[in-house]
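# Structure, please.
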Amino acid sequence: MEEPLTEDLLAELLAAPSPERFIREHRVGERDLAGYLQQLLAEKGLKRADVVRAAGLNETFGYQIFTGARGASRDKLLALAFALNLSLTEANRLLKAGGANELYCKSRRDAIIIFALTHGYSLQRADEELYRFREDTIG
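Numbering: from 1, shown residues only. I've put the predicted structure just below:
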């Protein structure tokens, strides 16, 4: 399910007769982490167990994140982003759904992560790049 660009949504909001209608029609603020993770699994044809393993998460902890029973730190969400092979936009949506700050290119560590995500790096390779630049690794 392709989501509209922020710019398009902004134009629609500015032209809307009321904010209530816009919020209702676009379900603004209703994305939850578990729901978005399930959506991503379905869209990408992946299995939760494979993603949890690729993210290097404990099986029980990963299950709790996917069912909404437990939240996740920003780094755990980033590990999931790599395991799901997400685009930068999808990764930022995942971070936002999990209550974490989106990736910011003016942050040295985030810039490396953005580069790794957009170039299809594995979590391990991204961590190697972070280590090479003396930044905290994700895993």
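# Tell me how this structure divides into domains.
1-30, 31-132 (automatic domain parsing).
# ok, and which of the ones you listed has the densest surroundings?
domain 31-132 (a mean of 16; mean count of other C-beta atoms under 10 Å). (Glycine included, C-beta is placed from N, CA and C.)
# Quick one: closest of the domains of the chain to residue 138.
domain 31-132 (5.0 Å; C-beta to C-beta).
# can you tell me which of the domains of the chain the model trusts least?
Least confidently modelled of the domains of the chain is domain 1-30, at a mean of 75 by mean pLDDT.
# What is the burial count for residue 134?
Here the count is done by other C-beta atoms under 10 Å, and residue 134 has 8 residues near it.
# Now do the SS call for it.
coil (DSSP: H, G, I helix; E, B strand; the rest coil).
# For it, give me phi and psi.
For residue 134, the backbone dihedrals (degrees, to the nearest 10) come out as phi 60, psi 40.
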